[in-house]
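In: structure, please.
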Amino acid sequence: MQSLSFLAPLDWIALSLFIIFWVGYTLVSKSLQKSRPTIANQLAASRIEWIEQMIEREVRISDITSLGILQRNVTFFASTTIFIIAGLLTVLGSSDKAIQLLSALPWIEVESKASWELKVLLLVVSFSYAFFKFTWAMRQYNFSIVLFGAAPEANAAAKDKALFTKHCNWLLTRATNSFNYGLRCYSFAIAALCWFINAWFFIGCTLFVVAVLYRREFKSSTLAALYNASHHNSEKPLSDHLI
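Out: This next block holds a predicted model:
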């Protein structure tokens, strides 16, 4: 227990809640999207329609170009994350100077060098996880571009079209999920930054991030637009129930 004394008990509680809420939200959101509309499953439904229409087109350059744009967006975040990690490692290597500088700020709490380094390491781990998710999403989008190029012709058998649509959408869904997990790391990293102020602010920001992510995924007008676009014959538009 003495080896853990470089952090106050409240800080350990805040860090534990941060991890629990991050992992818990990921598991809960994956479970809820099986039984209710979410941005993820509505995009999956729209992608099926996209792939089906793409198969019927003779010229598919626009489809491959659109997929390339998605891939470049992921590439941008992956390269940006590398610079963030490099900056954090530089700060970690200059902890003494950074602590001396930030200690002059009245709203920053620096209990010890060990606590400072732990907070920076939390950010490094968060962005490192985001980098791996972005790079994996980027590779999956590359694979999807290859699949688009090898899509069946419009006169192919219905069974071949259905099989291609199923597995191509499966791959694109995995790519989108990986990208989403990377973006989620950015959101929780913002909460982790609040730990430099104090533990209570860290807890509050963690709860705020979870609330924002939940609202966007399950209660946003963006979800309503996606849902209503693919359920235009529905008697009860989803937007009637959302903010």
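In: tell me the contacts of the closest residue to Trp22 other than its chain neighbours?
Out: Spatial nearest neighbour of Trp22, chain neighbours left out: Phe188 (5.3 Å); criterion: Cβ to Cβ, 6 or more residues apart in numbering. To be clear about C-beta, it is placed using only N, CA and C from the backbone, and glycine gets the same treatment. Contacts for Phe188 (Cβ atoms under 8 Å, 6 or more residues apart in numbering) come out as 18, 22, 126, 206, 209.
In: how much space between Phe188 and Tyr227?
Out: 27 Å (Cβ to Cβ, to the nearest Å).
In: assign the residue lying farthest from the centre of the chain to helix, strand or coil.
Out: In the chain, counting by Cα atoms, centre = their mean, Asn155 sits farthest out from the average C-alpha position, at 38.2 Å. For Asn155, the secondary structure call by DSSP: H, G, I helix; E, B strand; the rest coil comes out as coil.
In: show me the contacts for it.
Out: Contacts of Asn155 (Cβ under 8 Å, 6+ apart): none.
In: renumber starting at 879 from here on
Out: Will do, 879 is the new start, and the previous item becomes Asn1033.
In: measure it to Glu934 for me?
Out: Per Cβ to Cβ, Asn1033 is found 10 Å from Glu934.
In: which residues are in contact with each of the two?
Out: Common neighbours of Asn1033 and Glu934 are not found (criterion: Cβ under 8 Å, 6+ apart).
In: if we can go back for a sec, any idea which element the residue nearest to Trp900 lies in?
Out: helix 1036-1071 (DSSP states H and E).
In: quick one: that helix to chain centroid distance?
Out: Taking Cα atoms, centre = their mean, to the nearest Å, the mean C-alpha location of helix 1036-1071 is offset from the chain mean by 9 Å.
In: pLDDT on it, on average?
Out: If you average the pLDDT over helix 1036-1071, you get 92.
In: report the next helix or strand after the lowest-mean-pLDDT helix or strand in the chain in sequence order.
Out: The weakest-scoring helix or strand in the chain, judged by mean pLDDT, DSSP states H and E, is helix 973-980 (a mean of 67). On the C-terminal side of helix 973-980, the nearest following helix or strand under DSSP H and E is helix 991-1027.
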